[in-house]
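**Q** dropping a prediction and its sequence here:
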Amino acid sequence: MLYNRCNDSKICLLFNNHLYEEAISRMDIRYSCNQRDFKRYTTEETRNEMLITGLYKADEMVAVYSHVDRMVTLGCMPVHEEVSIDKGIDVWANFGTHYFLERREIGIFNIGDGAGTITADGVEYHLNVKDCLYITQGTQKVTFKSDDSEHPAKFYMVSAPAHCRYETKLITLEQAAKRPLGSLETCNKRTINQFIHPSVLKTCQLSMGMTCLEPGSNWNTMPSHTHERRMEIYTYFDLPDDQVVFHMCGEPQQTRHIVMHNYDAVISPSWSIHSGVGTSNYTFIWAMGGENQEFDDMDNIATTDLR
């Protein structure tokens, strides 16, 4: 089998004298904005800079590369096929590596309607809804499939640069470290489930967890905070189709909001707050990468100081 680039959007495969074409693409690339420019952004510019939509397309791998700490956000909804992590992605053009996880680690949650299986270098990991899989750097082949095409899994992923190998590990919702916070009186009673976290397993820099709000609560991460040493990515789900989340962003004295729907994700640079309020309760997954993995390393902001 011979590989040749036909043009910028396809790779040609010559196999037994038959020519096949496989579509490839450069990922959606988001360059980092700064806080001085951001406060002048329009609604459209703000959404184009930070909001990620349309992650789940049948039998496709959708990826967004952020230059904020070089984090990659991905979504995959396998329905009729077993989907490879690099399907439709030109790994060399985007990463300068020979395979996706050559110099990266990745955290994966199943947030779909049904269970699914991830195969990493020949080892199968079965994920029920709200289970998580950490895959270490250096894993060459990763594929995704759903148990039931009528109720497909939705695999939400965040990948960060990594410098060494640790252990690929499945973490169920029951195995996650629990931190109950908030109260019904302040409309933010919730449980923080720490999955990819130093108290659960070792990683190079990636931390991920899931926060579940109880019925009657709709505020997350309030009082809000920033953390100069790490960026953060949120994705919201378990949100009814006719409800929304107002995600707060920007500097504490220059706040803005982004209206978000079920399964949307949002990029938060280190200088930006990341709080939200929904018209219903919901669940969200947070992912962080940067200088450290200290969950409580944050610069808290009094609610009355926000503008």
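**A** Okay, I see it.
**Q** distance of A265 relative to F237?
**A** Separation of A265 from F237 (CB to CB, to the nearest Å) stands at 10 Å. For the C-beta atoms, the positions are set from N, CA and C on the backbone; glycine is no exception.
**Q** between the two, which has more neighbouring residues?
**A** Counted by other CB atoms under 10 Å, A265 and F237 do not tie: A265 has more neighbours, with 25 against 20.
**Q** pLDDT below threshold where in this structure?
**A** Within the chain, the segments meeting pLDDT under 70 span 1-26, 292, 294-295.
**Q** would you state the helices of the protein in chain order?
**A** Ranges of helices in the chain, per DSSP state H, are 35-38, 43-50, 91-95.
**Q** Serialize the ones you listed to a markdown table and add fields for distance to S146 and mean neighbour count.
**A** Formatted as a markdown table, these follow (distance: least, CB to CB, whole Å; neighbours: other CB atoms under 10 Å):
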| stretch | distance to S146 | mean neighbour count |
| --- | --- | --- |
| helix 35-38 | 39 | 13 |
| helix 43-50 | 30 | 15 |
| helix 91-95 | 24 | 16 |
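**Q** nearest to C76, of these?
**A** C76 lies closest, by CB to CB, to one member of the helices of the chain: helix 91-95, at 15.6 Å.
**Q** restricting to C-alpha, output the closest one in PDB.
**A** As requested, the backbone C-alpha atoms of helix 91-95 are provided in PDB (Å, rounded to 0.1, in the frame of the first residue of the first chain):
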ATOM      1  CA  VAL A  91      -1.900  14.200  12.200                       C
ATOM      2  CA  TRP A  92       1.400  15.300  10.600                       C
ATOM      3  CA  ALA A  93      -0.100  18.700   9.400                       C
ATOM      4  CA  ASN A  94      -1.700  19.500  12.700                       C
ATOM      5  CA  PHE A  95       0.800  18.000  15.300                       C
END
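**Q** now do it: distance to the chain's middle.
**A** In terms of CA atoms, centre = their mean, to the nearest Å, the centre of helix 91-95 is found 19 Å from the chain centre.
**Q** got it, and stretch 253-268?
**A** 14 Å.
**Q** same check, this time on stretch 277-290
**A** Computed by CA atoms, centre = their mean, the chain-centroid distance of stretch 277-290 equals 11 Å.
**Q** ok, now how distant is R190 from Y282?
**A** 10 Å.
**Q** repeat for D59
**A** Relative to Y282, and taking CB to CB, D59 is found at 27 Å.
**Q** likewise G96?
**A** Taking CB to CB as the criterion, G96 is separated from Y282 by 37 Å.
**Q** the residue lying closest to L201 once chain neighbours are set aside: neighbour count?
**A** Excluding its sequence neighbours, the residue lying closest to L201 (CB to CB, 6 or more residues apart in numbering) is K169, at 5.2 Å. K169 has 18 neighbours, counted by other CB under 10 Å.
**Q** my read is that K169 contacts L133, right?
**A** Yes: shown here, K169 and L133 form a contact pair, counting by CB atoms under 8 Å, at 7.4 Å.
**Q** give me the domain ranges for this protein.
**A** Structural domains annotated on the chain: 26-171, 173-305, as defined by automatic domain parsing.
**Q** what residue lies at the spatial centre of this protein?
**A** Nearest to the mean C-alpha position of the chain, by CA atoms, centre = their mean, lies V158 at 3.9 Å.
**Q** what's it in contact with, if anything?
**A** By CB atoms under 8 Å, 6 or more residues apart in numbering, the contact set of V158 is 71-74, 106-107, 206, 208, 233, 287, 289.
**Q** can you do 7 Å?
**A** Residues near V158 by CB atoms under 7 Å, 6 or more residues apart in numbering: 71, 73, 107, 206, 208, 233, 287.
**Q** what's the answer for S224, then?
**A** Listed by CB under 7 Å, 6+ apart, the contact set of S224 reads 248, 273, 275, 301, 306.
**Q** neighbours of the first one, how many?
**A** What that stands for is M248. Neighbourhood size, M248 [other CB under 10 Å]: 23.
**Q** surely it touches S275?
**A** Yes: the pair M248 and S275 passes the contact test of CB atoms under 7 Å, sitting 4.4 Å apart.
**Q** surely I111 touches D238?
**A** No: counting by CB under 7 Å, I111 does not reach D238; the two are 8.1 Å apart.
**Q** who does I192 bridge with?
**A** R179, T211 (DSSP bridges).
**Q** tell me, how many residues neighbour it?
**A** As a burial measure, I192 scores 20 neighbours (other CB under 10 Å).
**Q** what about I111 and D238, which has more around it?
**A** Ranked by neighbour count (other CB under 10 Å), I111 and D238 place I111 first, with 24 against 17.
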